[in-house]
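Asker: Fold the following and give me the result.
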Amino acid sequence: MAPLVVASGLEKHFPVTRRLGEVLRGERPVSRAVDGIDLTIGEGETVGLLGESGCGKTTTGRLLLKLTRPTAGTIRFDGGDLADLAGAALKRFRREVQLVFQNPFDAINPRFTVFRALREPLQNAGVPKEEHPERMRVAMHRVRLPDVEGYYDRYPHQLSGGQLQRVVLARALVLEPRFIVADEPVSMLDVSVRAGILNVMRDVHATMGLTAVYISHDFALVRYVCARTVVMYLGKMVEDGPSAEVVARPLHPYTRALVQAVPVPRVDQSREPLPIKGSLSAAQAQVGGCRFRDRCPYAFARCADEEPPMREVAPGHRAACHLL
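Answerer: Residues are numbered from 1 along each chain as shown. The predicted structure follows:
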């Protein structure tokens, strides 16, 4: 599988509010939202970014789409460095990547009809006007809204949450992108309609050969849609492997705690969840060593002194833990 997206040493730091003492000492504290990620995504691969809120998943997705400038590191898309893109090359990149937003009710201008919402990206990308009707029709059929004419004149408030999210997905597909990032694509929807949206996404990948990153905290979603799962904790990758393997045989203590704490079909959850201590915000103050150590029930002295590297424990299955 040829790589489409390659991130090396990727970092993104945000300044935080300084106290008076820090100002006087000339200190500039930062929040390390993404702190040294090496991630390769193959052409046609579906990858899930999993973890608690605040672990850096969304920031990573925005970096991969060049919506945020990295503090350090490089991102290559189809062999080219994103930092070098400008002019026509940047415009072509914008046509080849798309973002699917979390909240469909905020993703489309409430004053736009479905027709206008679908046409807008085609106009912005400079697609010839005569191609618009067919592209819009194909995109609507792909998301299983075959009554195209029946939806074109509707406004967002006239659609259900499931219908609106399908329109949002159709808008992302109308340019026939190669790479999409979906940020919690079904978290705002009722449980009763989530399965339908996820089935649409699986069909789209199969028919279009899309490369995709799904950002979620839901193990069930990632396992159903993604062939591969990357678990993040405080800006770091702690586990990376085939989704079925990560769920059935998690290697990192943090991943095992997530699996045991969240209901996942056909997984043995008879044991009690691991006793994770403390909170994510308290762990952010740690410097050096393993970032999970203060919440890990298995931590020992080495965890405080040395940051564990990612190690391949099984073919295609890696984790960052000294216990391995």
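
Asker: which residues are contacting the host helix or strand of residue 93?
Answerer: Per DSSP states H and E: residue 93 is located in helix 87-96. Contact partners of helix 87-96, identified using Cβ atoms under 8 Å, 6 or more residues apart in numbering, comprise 66, 77, 78, 80, 82, 85, 125, 126, 175, 177, 178, 179. All C-beta atoms are positioned from the backbone trio N, CA, C, and that covers glycine.

Asker: Is the third one in contact with residue 4, as I believe?
Answerer: Yes - with contact defined as Cβ atoms under 8 Å, residue 78 counts as touching residue 4 (5.9 Å).

Asker: any residues in contact with both of these two?
Answerer: Common contacts of residue 78 and residue 4 (Cβ under 8 Å, 6+ apart): residue 178.

Asker: For residue 102, give me its contacts.
Answerer: Residues in contact with residue 102 (Cβ under 8 Å, 6+ apart) are 183, 184, 185, 187, 188.

Asker: And residue 78 and residue 4? Which one has more around it.
Answerer: residue 4 (19 against 14; other Cβ atoms under 10 Å).

Asker: does that one really touch residue 41, like I thought?
Answerer: Yes - Residue 4 is in contact with residue 41 according to Cβ under 8 Å; the separation is 5.9 Å.

Asker: Quickly list what's touching both of those two.
Answerer: Common neighbours of residue 4 and residue 41, using Cβ under 8 Å, 6+ apart, are residue 211.

Asker: just to revisit the earlier point, please state the offset of the helix holding residue 93 from the chain centre?
Answerer: With Cα atoms, centre = their mean, to the nearest Å as the basis, helix 87-96 stands 21 Å off its chain's centre.

Asker: on contacts alone, who are the packing partners of the helix or strand following it?
Answerer: Downstream of helix 87-96, the next assigned helix or strand under DSSP H and E is strand 97-100. Applying 3 or more Cβ pairs under 8 Å, 6 or more residues apart in numbering; DSSP states H and E, we find strand 97-100 packed against helix 161-173, strand 179-183.

Asker: Helices along the stretch 201-324 of the chain, start to end?
Answerer: Listed in chain order, the helices found in the stretch 201-324 of the chain under DSSP state H, counting those that start in this stretch are 219-225, 243-248, 253-261, 280-283, 301-305.

Asker: Going by mean pLDDT, which of those comes out lowest?
Answerer: Sorting the helices of the stretch 201-324 of the chain by mean pLDDT places helix 280-283 lowest, at a mean of 56.

Asker: Dig out what the spatially most central residue of the chain forms beta bridges with.
Answerer: Taking Cα atoms, centre = their mean, the centroid of the chain lies closest to residue 215, which sits 2.8 Å from it. When assigned by DSSP bridges, residue 215 has beta-bridge partners residue 49, residue 183.

Asker: I'd say it and residue 181 touch.
Answerer: Yes - if you go by Cβ under 8 Å, residue 215 and residue 181 touch, sitting 6.9 Å apart.

Asker: and for these two, which residues touch both?
Answerer: Both residue 215 and residue 181 are contacted by residue 61, under the criterion Cβ under 8 Å, 6+ apart.

Asker: Which stretches in the stretch 101-250 of the chain count as strands?
Answerer: Using DSSP state E, counting those that start in this stretch, the strands of the stretch 101-250 of the chain run over residues 179-183, 211-216, 228-233, 236-242.

Asker: Switch these over to CSV; also include distance to residue 30 and mean pLDDT.
Answerer: Putting the strands of the stretch 101-250 of the chain into CSV (distance: least, Cβ to Cβ, whole Å; pLDDT from 0 to 100) gives the following:
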stretch, distance to residue 30, mean pLDDT
strand 179-183, 23, 94
strand 211-216, 22, 94
strand 228-233, 18, 96
strand 236-242, 15, 96
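
Asker: So which of these is nearest residue 168?
Answerer: With Cβ to Cβ as the criterion, residue 168 lies closest to strand 179-183 of the strands of the stretch 101-250 of the chain, at 9.8 Å.

Asker: Show me what that closest one is packed against.
Answerer: Packing contacts for strand 179-183, counted by 3+ Cβ pairs under 8 Å, 6+ apart, involve helix 57-64, strand 97-100, strand 211-216.

Asker: Just the buried residues of the contacts of residue 102.
Answerer: 183, 184, 185, 188 (16 or more other Cβ atoms under 10 Å).

Asker: Nice, that's everything, thank you.
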